[in-house]
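> Turn this into a structure:
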Amino acid sequence: MSGHSKFANIKHRKEKNDAAKGKIFTKLGKELAVAVKEGGSADPVNNSRLRDVIAKAKQNNMPNDTIERNIKKADADPADYEHVTYEGYGPGGTAIIVEALTDNKNRTASNVRNAFTKGNGNVGTPGCVSFMFDKKGQIIIDKEDFEGDADDLMMKALDAGADDFSEEEDSFEILTSPEDFSAVRLALEEEKIPMAAAEITMIPQTYVDLTDEKEIQSIQKTLDILDDDDDVQDVYTNWSDN
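Here you go, the predicted structure:
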């Protein structure tokens, strides 16, 4: 899931066990299939969306042969997945956005509703919480993997079209518009700059702190159920969980 946006969550995702990695690979396989279909080409040179998903797959340690197999499969038999977005409320006024790729909207809607209900939340109407988030391209660079100068990195990012650059304790964060994300990511890749994560995401404008243990357990239950759902690609929340 994508929660409080910074590097701690990225690292947590990468340290998941093998079973969780299998689920991540399944979800990335869907993204690759949809990128081939929507981009109209199985050649990443001619399909910027596919290039971005391949980069994301590599950042999640998906083997090259697995990536190639998914692309070939999608090219031979294009998958019929639909993008679906759900919005709703968790405990304590938290906001949750769920993005899914599905071949059965009824199944996905039922599963998402069940996840919210079990965490004492509820699914709302389209647009009910998305106004609390900004859609951005986000690139995270782990300081342990980067040996260059921070000011030089900032200038490279801004020159490539980034909107913002910030330095955290253990990482650098680069934000772009969704439209400029691919160009900025590619420019950094060509400079051999290692990226811990690079994706289009939804960043909360403000975060909600939960102090009640029952509320924390409830929202965690919802997020865990959603993460385990093969139809769910991404989950965004304004819960300040770290």
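> Where does pLDDT dip in this structure?
Scanning the chain for pLDDT under 70 picks out 1-20, 78-79, 242.
> now the helices: where do they sit in it?
7-14, 18-39, 48-59, 64-76, 105-118, 150-160, 181-190, 213-228 (DSSP state H).
> Can you say which of those is packed in most?
Across these, the average number of neighbours (mean count of other CB atoms under 10 Å) peaks for helix 48-59, which reaches a mean of 20. Any C-beta I mention is one placed from the backbone N, CA and C, and that applies to glycine too.
> So what touches that one?
With CB atoms under 8 Å, 6 or more residues apart in numbering as the test, helix 48-59 has contacts from 28, 31-32, 35-36, 38-39, 41-45, 64, 67, 71, 181-182, 185-186, 189, 195-200.
> The same query, at a cut-off of 7 Å, please.
Contacts to helix 48-59, defined as CB atoms under 7 Å, 6 or more residues apart in numbering, come from residues 28, 31-32, 35-36, 38-39, 44, 67, 182, 185, 189, 195-199.
> quick check: domain ranges of the chain?
7-76, 82-127+208-237, 132-204 (automatic domain parsing).
> hey, C-alpha coordinates of the longest strand seen in the chain in CSV?
Secondary structure assigned by DSSP state E gives strand 133-142 as the longest strand of the chain. In CSV, the C-alpha atoms belonging to strand 133-142 read as follows (Å, rounded to 0.1, in the frame of the first residue of the first chain):
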residue,chain,number,x,y,z
PHE,A,133,-5.2,14.2,-2.1
ASP,A,134,-2.9,15.5,-4.9
LYS,A,135,-2.1,13.1,-7.9
LYS,A,136,1.7,13.3,-8.3
GLY,A,137,4.6,11.4,-9.8
GLN,A,138,6.8,10.5,-6.9
ILE,A,139,10.4,9.3,-7.0
ILE,A,140,12.2,8.1,-3.9
ILE,A,141,16.0,7.8,-3.8
ASP,A,142,17.6,6.0,-0.9
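> neighbouring strands for it, and are they parallel or not?
Here strand 133-142 has these sheet partners by DSSP bridges: strand 171-176 (antiparallel), strand 197-204 (antiparallel).
> Could you identify which of the ones you listed is most buried?
strand 171-176 (a mean of 22).
> okay, the angle between it and helix 150-160?
20 degrees (axes from the mean of the first three to the mean of the last three CA atoms, to 10 degrees).
> Direction-wise, compare strand 171-176 with helix 181-190 and give the angle.
140 degrees.
> from the middle of its chain, how far away would strand 171-176 be?
Chain-centre distance of strand 171-176: 14 Å, with CA atoms, centre = their mean, to the nearest Å.
> which residues sit against it?
Contacts for strand 171-176 (CB under 7 Å, 6+ apart): 6-7, 136-143, 150, 153, 157, 161-166, 184, 196.
> hmm, back to that, any chance of TSV for the helices of the chain, columns distance to residue 171?
Below are the helices of the chain laid out as TSV (distance: least, CB to CB, whole Å):
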stretch	distance to residue 171
helix 7-14	4
helix 18-39	20
helix 48-59	13
helix 64-76	25
helix 105-118	30
helix 150-160	11
helix 181-190	14
helix 213-228	22
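> OK, contacts around residue 127?
Counting by CB under 7 Å, 6+ apart, residue 127 makes contact with residue 87.
> List phi and psi for residue 60.
phi -100, psi 20 (degrees, to the nearest 10).
> picking that back up, for the contacts of strand 171-176, which PyMOL command selects only the ones that are buried?
The buried subset of the contacts of strand 171-176, as determined by 16 or more other CB atoms under 10 Å, is captured in PyMOL by this line:
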select buried, resi 6+7+136+137+138+139+140+141+142+153+157+161+162+165+184+196
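> end-to-end on stretch 159-176?
Between the opening and closing residues of stretch 159-176 lies a distance of 12 Å (CA to CA, to the nearest Å).
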